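Q: Quick one: sequence plus predicted model below, questions after.
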Amino acid sequence: MIGLTWHQYGADYSIEHGHLANDDGLNTLVFMMLMTDARAKDSDELPPQADRRGWPGDSFTQSPWGSRLWLLRREKLTNQIVLKAKDFATEALIPLLKGYVKSYRVAVSRPRRGWLRLDIHLTRPNNSTIDYGISMMWEATYAV
């Protein structure tokens, strides 16, 4: 699978030695699950003038794709929003438990003003581990 690299504005293809880089699929899968907009639940409060989003292909899968992190992007970065971000990221990675990983852990922090960081720790079925760190610039005003 073509590898993706995360940067502060999104993901992009990885280039190694002048060619598209490959990964085992897990890296790209994690990014897709976290950064694709999942359909909002009926109980979710939508941002102004927003629809429920989501991926049309969800109609053909048992587990929906993506995360509801998009619902938080216009919220002030309070402790409550950080906890919601952790819940949404944790929820988005559940499909990985269907053979891709044995377990995972999500930690969320505010490393500096206006930024949210997701630290993901995955344990594969063979007990090897892999860690991801994703930092996102936050759109809304920072709150203490």
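A: Here it is on my side, so go on.
Q: residue closest to the middle of the chain?
A: Closest residue to the average C-alpha location of the chain: Leu34 at 1.9 Å, with C-alpha atoms, centre = their mean.
Q: Touching, that residue and Arg68? I think so.
A: No. Leu34 is beyond contact range of Arg68, at 10.5 Å (criterion: C-beta atoms under 8 Å). Where C-beta positions appear, they are placed from N, C-alpha and C, glycine not excepted.
Q: Can you check which residues contact both of these two?
A: In terms of C-beta atoms under 8 Å, 6 or more residues apart in numbering, Leu34 and Arg68 are both contacted by the residues Ala92.
Q: Asp87: neighbour count?
A: 13 (other C-beta atoms under 10 Å).
Q: before we move on, what SS does it have?
A: helix (DSSP: H, G, I helix; E, B strand; the rest coil).
Q: where's it relative to Arg68, distance?
A: Separation of Asp87 from Arg68 (C-beta to C-beta, to the nearest Å): 9 Å.
Q: what about Glu91, helix or strand, and which?
A: helix 79-92 (DSSP states H and E).
Q: likewise Leu122?
A: Going by DSSP H and E, Leu122 is part of strand 115-123.
Q: any idea of the angle that strand forms with helix 79-92?
A: Inter-element angle recorded for strand 115-123 and helix 79-92: 30 degrees (by axes from the mean of the first three to the mean of the last three C-alpha atoms, to 10 degrees).
Q: Please list the outside residues in contact with the helix holding Glu91.
A: 33-34, 38, 66-69, 71-72, 75, 106-110, 116, 118, 120.
Q: try stretch 100-120
A: So stretch 100-120 is contacted by 26, 29-30, 34, 77, 82-83, 85-86, 89-90, 93, 96-97, 121-125, 127, 131-138, 142 (C-beta under 8 Å, 6+ apart).
Q: ditto for stretch 37-49
A: The contact list for stretch 37-49 (C-beta under 8 Å, 6+ apart) reads 52-55, 58, 64-68, 70-71, 73-74, 92.
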